[in-house]
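*Asks:* Provided below are the primary sequence and the corresponding predicted coordinates.
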Amino acid sequence: MNRFFKDLGKYWNYTFYSAKSQLKTEVANSYLNWAWWVIEPFCFMLIYAFIFGYLLSNRGPFFNCHIFIGLLIWDFFNRCVKSSVKMVKNNKSIVSKVYLPKYTLIISDMIVNGFKMLICLLISFGMLVAYRVPVDWHLIMIVPVLAVTILFTFGCCTILMHIGVFVTDMSNVINIVLRAVFYLTGIFYNIETALPEQYAKLLLTFNPLAALTTGMRHAMLAKSMPDWVTLGLWTVLSIILTAIGVHTIYKNENTYVKVI
Amino acid sequence: MDKIDNNQEYSITVKDLKVRYKSVSSYSIKKNLLRMKGAETKAFEAVRGVSFEVKKGEILGITGKNGSGKSTLLRAIAGIFSADEGSVDLHGHSISLLAIGVGFKSELTGRENIMLSGLLLGFTEAQVKEHMDEIIEFAGLGDFIDMPVRTYSSGMHSKLAFSITAVMETDIMLIDEVLSVGDEKFKKKSYEKMKSLISDKTRTVVIVSHNLKTLEELCDRVMWMHDGQIKKIGEPKEVLKEYREFMK
């Protein structure tokens, strides 16, 4: 535990600089630069809004905002998890030349994706204004929700990174699982109203992403609190996940190089 | 006083080191389902019980035929591999490993990679910035320094890697087969740099090389590894003479 925070401080400079230059490179290497970070989720929002909102006329209040907020959380989680599975292999050239706590690779990647999420969050504030969504002080509740999102994502990533080193086709499995979770998270529909009550309750409790996106929407669109009990539950579970993940990485990280 | 001096005298203490490549092979779910049986694990011991000490300021050369465990040993000393048995003690010194194709992020520019490598070696951002110009000058890459590393030729790659480690001096330097990188001019420059490191009594260097002439000129002691064990360690002249005869 102590070692984790000590290493975190020691390698923070590296982690942060690595994320920063990664972002800079992404901007420099594409035509539309950082605009892609916005265009991509925005287009997905339009697609979902068209299919589910217009064709299937499954509209809720502020449906476009609803989708966009769901997507920004989902994209963050999805990107981090997907890359964590191949993290060690993709950084082979560094990992095999110098020691670093392997989870710094995850954190660096999370900063990159977190920055993109932040930009989407700013856009979503713009959308709140554009669509004249009434908001109040509940808006501040996105902070604890985002904090749990980050913690939960980190916990998942540490464990998946470890498994990903030893199981070569783990990324195939993860893609299937992620797709299932995506549909069960209610990005493009409203779990609370679209599903029978018992299923909705089940999903909102046991699918952390459903709980988190719904919490975000409560704060931003419905002027209400997130479900504190579920949020608390997932905070505790995330901490446990993280502890297990970090412990496993510390115990095994020096054998990673022998495998890849 | 005596005791402290004794502690400072050694930079690296390797005791009974064994490194195995076994039981940790990766497997795929598909393969295992098809075979329905656990993969048989092949144990391969790359380093088989090696013990030696390197004094502070000493230049140790390691040679031996391909696959004799030299690179594995270096990586174990650098802390990248875990030892399966035995121990490596660096007595609190900072260490860097320099090998062909050192860890660069190919999408980033040379300048950014210098910063990242420096930070990984344990220096602060300010310290790296301070040495940045010196590294760039030593590498002599010209305008390429602001281009992504993926555009570099393999020679430029190694030149940059060598320059970082040579300028950002750590207490212990592990050098794996890179003394012969680059063009004639750079070779000469890196050779000169190595010589100046030798005269620096606080710097400990371990060189792995097949170039026996270089080893003979640079090293205080030479270690000959064979099949993961030390065949002989001692005066460069004696060890290398025997090694030459053995390789005939």
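*Replies:* Yes, it's here.

*Asks:* Below-threshold pLDDT in the chain: ranges please.
*Replies:* No chain in the question, so chain A it is. Within chain A, the segments meeting pLDDT under 70 span A:58, A:260.

*Asks:* You answered for a different chain; I wanted chain B.
*Replies:* For chain B, the stretches with pLDDT under 70 are B:1-8, B:22-27, B:30-42, B:99-102, B:178-182.

*Asks:* leaving aside the residues next to it on the chain, what's closest to B:Glu169?
*Replies:* Counting by CB to CB, 6 or more residues apart in numbering or on different chains, B:Arg203 is the residue found nearest to B:Glu169 once chain neighbours are left out, at 6.6 Å. To be clear about C-beta, it is placed using only N, CA and C from the backbone, and glycine gets the same treatment.

*Asks:* Am I right that that neighbour is in contact with B:Leu174?
*Replies:* No: B:Arg203 is beyond contact range of B:Leu174, at 12.0 Å (criterion: CB atoms under 8 Å).

*Asks:* More neighbours: which of these two?
*Replies:* Neighbour tally, B:Arg203 and B:Leu174, criterion other CB atoms under 10 Å in any protein chain shown: the higher count belongs to B:Leu174, 25 against 19.

*Asks:* Quick check: bridge partners of that one?
*Replies:* Listed by DSSP bridges, the beta-bridge partners for B:Leu174 are B:Leu97, B:Val206.

*Asks:* correct me, but it touches B:Ala78?
*Replies:* Yes: judged on CB under 8 Å, B:Leu174 makes contact with B:Ala78 at a distance of 5.7 Å.

*Asks:* and for these two, which residues touch both?
*Replies:* Common neighbours of B:Leu174 and B:Ala78, counting by CB atoms under 8 Å, 6 or more residues apart in numbering or on different chains, are B:Ile95, B:Ser96, B:Leu97.

*Asks:* Show me which residues of chain A are close to chain B?
*Replies:* Residues of chain A lying close to chain B by CB under 8 Å from any CB of the partner chain are A:10, A:13-14, A:17-18, A:21-22, A:24-25, A:29, A:91, A:93-100, A:165-170, A:173, A:254-255, A:257-260.

*Asks:* How about residue 123, nearest residue that isn't a chain neighbour?
*Replies:* Chain wasn't specified; assuming chain A. Distances taken as CB to CB, 6+ apart place A:Val38 nearest to A:Ile123, at 5.8 Å, with adjacent residues excluded.

*Asks:* not quite, I wanted chain B
*Replies:* B:Met168 (6.0 Å).

*Asks:* The one you found touches B:Phe138, doesn't it?
*Replies:* No: B:Met168 is beyond contact range of B:Phe138, at 10.7 Å (criterion: CB under 8 Å).

*Asks:* sorry, back to before: quick one: contacts for the residue nearest to B:Glu169?
*Replies:* Shown in contact with B:Arg203 (CB under 8 Å, 6+ apart): B:Gly57, B:Glu169, B:Asp171, B:Ile172, B:Met173, B:Leu197.

*Asks:* ok, now which ones touch the most centrally placed residue in chain A?
*Replies:* Residue closest to the average C-alpha location in chain A (CA atoms, centre = their mean): A:Phe77, at 2.1 Å. Listed by CB under 8 Å, 6+ apart, the contact partners of A:Phe77 are A:Thr149, A:Phe152, A:Thr153, A:Cys156, A:Leu209.

*Asks:* Sort out which one of those lies nearest chain B for me.
*Replies:* Set against chain B, the nearest of the contacts of A:Phe77 by CB to the nearest CB is A:Cys156 (18.9 Å).

*Asks:* in what helix or strand does B:Gly61 lie?
*Replies:* strand B:59-63 (DSSP states H and E).

*Asks:* Neighbouring strands of that strand in the sheet, and parallel or not?
*Replies:* Strand B:59-63 is paired, per DSSP bridges, with strand B:204-208 (parallel), strand B:221-226 (parallel).

*Asks:* Beyond that strand, next helix or strand please.
*Replies:* helix B:70-78.

*Asks:* quick one on the thing from earlier: let's have the strands paired with strand B:59-63 in a markdown table, adding distance to B:Pro236 and mean neighbour count.
*Replies:* Formatted as a markdown table, the strands paired with strand B:59-63 follow (distance: least, CB to CB, whole Å; neighbours: other CB atoms under 10 Å in any protein chain shown):
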| stretch | distance to B:Pro236 | mean neighbour count |
| --- | --- | --- |
| strand B:204-208 | 11 | 24 |
| strand B:221-226 | 4 | 21 |
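
*Asks:* could I get the ones you listed as JSON lines with distance to A:Leu118?
*Replies:* Putting these into JSON lines (distance: least, CB to CB, whole Å) gives the following:
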{"stretch": "strand B:204-208", "distance to A:Leu118": "45"}
{"stretch": "strand B:221-226", "distance to A:Leu118": "52"}
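
*Asks:* Minimum distance to A:Pro226: which of those has it?
*Replies:* With CB to CB as the criterion, A:Pro226 lies closest to strand B:204-208 of the strands paired with strand B:59-63, at 56.5 Å.

*Asks:* Give me the angle between the closest one and helix B:70-78.
*Replies:* Going by axes from the mean of the first three to the mean of the last three CA atoms, to 10 degrees, strand B:204-208 is angled at 160 degrees with respect to helix B:70-78.

*Asks:* which helices and strands does the helix or strand following strand B:204-208 pack with?
*Replies:* Using DSSP H and E, the helix or strand that directly follows strand B:204-208 along the chain is helix B:212-218. Here helix B:212-218 touches strand B:59-63, helix B:184-199, strand B:204-208, helix B:236-246, going by 3 or more CB pairs under 8 Å, 6 or more residues apart in numbering or on different chains; DSSP states H and E.

*Asks:* go with 10 Å
*Replies:* strand B:59-63, helix B:184-199, strand B:204-208, strand B:221-226, helix B:236-246 (3 or more CB pairs under 10 Å, 6 or more residues apart in numbering or on different chains; DSSP states H and E).

*Asks:* Of all those, which one is nearest A:Ile73?
*Replies:* strand B:204-208 (49.4 Å).

*Asks:* Kindly calculate the angle that that closest one makes with helix B:184-199.
*Replies:* 140 degrees.

*Asks:* what about B:Ile230, is that helix, strand or coil?
*Replies:* Secondary structure for B:Ile230, judged by DSSP: H, G, I helix; E, B strand; the rest coil, is strand.

*Asks:* got it, and the one 3 residues further on?
*Replies:* In terms of secondary structure, B:Ile233 is strand; the call rests on three-state DSSP.

*Asks:* Which strand residues bridge it?
*Replies:* Counting by DSSP bridges, B:Ile233 is bridged to B:Met223.

*Asks:* That one: neighbour count?
*Replies:* 16.

*Asks:* could you measure it against chain A, distance?
*Replies:* Using CB to the nearest CB, to the nearest Å, we find B:Ile233 at a distance of 26 Å from chain A.

*Asks:* That residue: what's it in contact with?
*Replies:* The contact partners of B:Ile233, by CB atoms under 10 Å, 6 or more residues apart in numbering or on different chains, come to B:Val50, B:Ser51, B:Phe52, B:Leu60, B:Ile62, B:Arg221, B:Val222, B:Met223, B:Trp224, B:Met225, B:Val239.

*Asks:* What is the nearest of the residues you listed to B:Val208?
*Replies:* B:Val208 lies nearest to B:Ile62 out of the contacts of B:Ile233, by CB to CB, at 4.8 Å.
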